[in-house]
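[1] Based on what follows, work out the 3D shape:
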Amino acid sequence: MSEAAAISIRNVHKTFKGGVQALRGVSMTVDRGQIFGLLGPNGAGKSTLVKILMTVIRPTKIDGELLGNPIGHTETLRRVGYLPEHHHFPPYLTAEQLLHYFGGLEGMRRAERLRRIGELLELTGMAAWRRKKVGGFSKGMLQRVGLAQTLLHDPELILLDEPTDGVDPVGRREIRDLLLHLRSEGRTILVNSHILAELEPICQQVAILVKGKLAREGSVAELTADRQRWEIDCSGDEPDWAAQINGLCCTTEGALLRMTMPGDGLNDVQIVLDKARADGRSIHRVQCIGETLEELFLRALDESEEAGAASPGAASAGKDGK
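    Numbers count the residues shown, from 1 in each chain. This next block holds a predicted model:
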């Protein structure tokens, strides 16, 4: 397998009829073998971008590659699995019949379909419902069958549009576990979602879209490195020596004194601990705390608003509303 990025796109634009700019010069890279989170509020252009990658929507302008070939290359698309947000399955088919139908569309032989269908229904926890009609399935069950359909032809790259939307907490955890399993097999997964808590534990890299523009891209650790802080909880009141420590801030948290300082001040942390012990204080907690994905996301939105990064017409991401 080539070591080239799974997705490499540059300067992607999409303007819908009426002059609505859904995407305005988006560039990003998704490395192979990772789970990549595509984040943004409703109307940011996330689904539009995914549909462009799958050639469901024609871009106004794009330059880039998918699995090492130009965007839209037909044979390359056969190596991609795609689960749209609002997928609709014929309600009169059973889960097994549905997968046979999609496998036939992929040109899979019957013996191969039988093998893969059995494996995937087990993998997605749907084996017990294989002969039940999908019209009676819950949203979570439909998402699991959708994931099985997405994986049927053994894709290298998987694009998932809001895969946990409407799924209960147990189902979301099971889908997260499935994505981690797929990554362990060497697959690349791009997940489009606005549910940040679902992505933070599993994504190696994220991109944040705001009103059609890329506001942030990188690992969560990289993007939040300058927002780390140290917190030290100890007994007693604010000490006289607190003003001598650069960036040290003291607050009262219940019966404890909380001392907060910048994340790069490890040497100063040692000084604070030494001084606190010399005062005879009890140290209850020392912790380095990073910015959460939600905090990073909200900061990106605030900074975009302050910079006036978007025109009024860009607030809608086009016909798909994403």
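
[2] Where does pLDDT dip in the protein?
    In the predicted model, the chain carries pLDDT under 70 at residues 1-3, 307-322.

[3] Which parts of it are strands?
    Secondary structure of the chain by DSSP state E: the strands cover 7-15, 21-30, 35-39, 61-66, 69-70, 80-83, 157-161, 188-193, 205-210, 213-218, 229-234, 249-253, 256-262, 283-289.

[4] Nearest to residue 145, out of the ones you listed?
    strand 80-83 (10.1 Å; Cβ to Cβ). (Glycine included, C-beta is placed from N, CA and C.)

[5] Dump the closest one to PDB, restricted to CA.
    Output of strand 80-83 as PDB, limited to C-alpha atoms (Å, rounded to 0.1, in the frame of the first residue of the first chain):
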ATOM      1  CA  VAL A  80     -14.100   3.600  -0.200                       C
ATOM      2  CA  GLY A  81     -17.000   2.800   2.100                       C
ATOM      3  CA  TYR A  82     -19.600   5.600   2.700                       C
ATOM      4  CA  LEU A  83     -22.400   5.900   5.200                       C
END
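
[6] what lines up beside it in the sheet?
    strand 157-161 (parallel) (DSSP bridges).

[7] Adding mean neighbour count and distance to residue 296, write the strands of the chain out as JSON lines.
    Listed next are the strands of the chain as JSON lines, based on neighbours: other Cβ atoms under 10 Å; distance: least, Cβ to Cβ, whole Å:
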{"stretch": "strand 7-15", "mean neighbour count": "19", "distance to residue 296": "21"}
{"stretch": "strand 21-30", "mean neighbour count": "22", "distance to residue 296": "16"}
{"stretch": "strand 35-39", "mean neighbour count": "25", "distance to residue 296": "9"}
{"stretch": "strand 61-66", "mean neighbour count": "18", "distance to residue 296": "25"}
{"stretch": "strand 69-70", "mean neighbour count": "13", "distance to residue 296": "33"}
{"stretch": "strand 80-83", "mean neighbour count": "20", "distance to residue 296": "26"}
{"stretch": "strand 157-161", "mean neighbour count": "24", "distance to residue 296": "21"}
{"stretch": "strand 188-193", "mean neighbour count": "25", "distance to residue 296": "15"}
{"stretch": "strand 205-210", "mean neighbour count": "25", "distance to residue 296": "8"}
{"stretch": "strand 213-218", "mean neighbour count": "19", "distance to residue 296": "7"}
{"stretch": "strand 229-234", "mean neighbour count": "19", "distance to residue 296": "14"}
{"stretch": "strand 249-253", "mean neighbour count": "12", "distance to residue 296": "21"}
{"stretch": "strand 256-262", "mean neighbour count": "18", "distance to residue 296": "17"}
{"stretch": "strand 283-289", "mean neighbour count": "12", "distance to residue 296": "13"}
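
[8] Could you save those strands as TSV and add columns showing distance to residue 268?
    Shown next, in TSV, are those (distance: least, Cβ to Cβ, whole Å):
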stretch	distance to residue 268
strand 7-15	42
strand 21-30	37
strand 35-39	34
strand 61-66	45
strand 69-70	52
strand 80-83	49
strand 157-161	44
strand 188-193	38
strand 205-210	31
strand 213-218	27
strand 229-234	8
strand 249-253	12
strand 256-262	6
strand 283-289	12
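
[9] Fine by me, we can end here.
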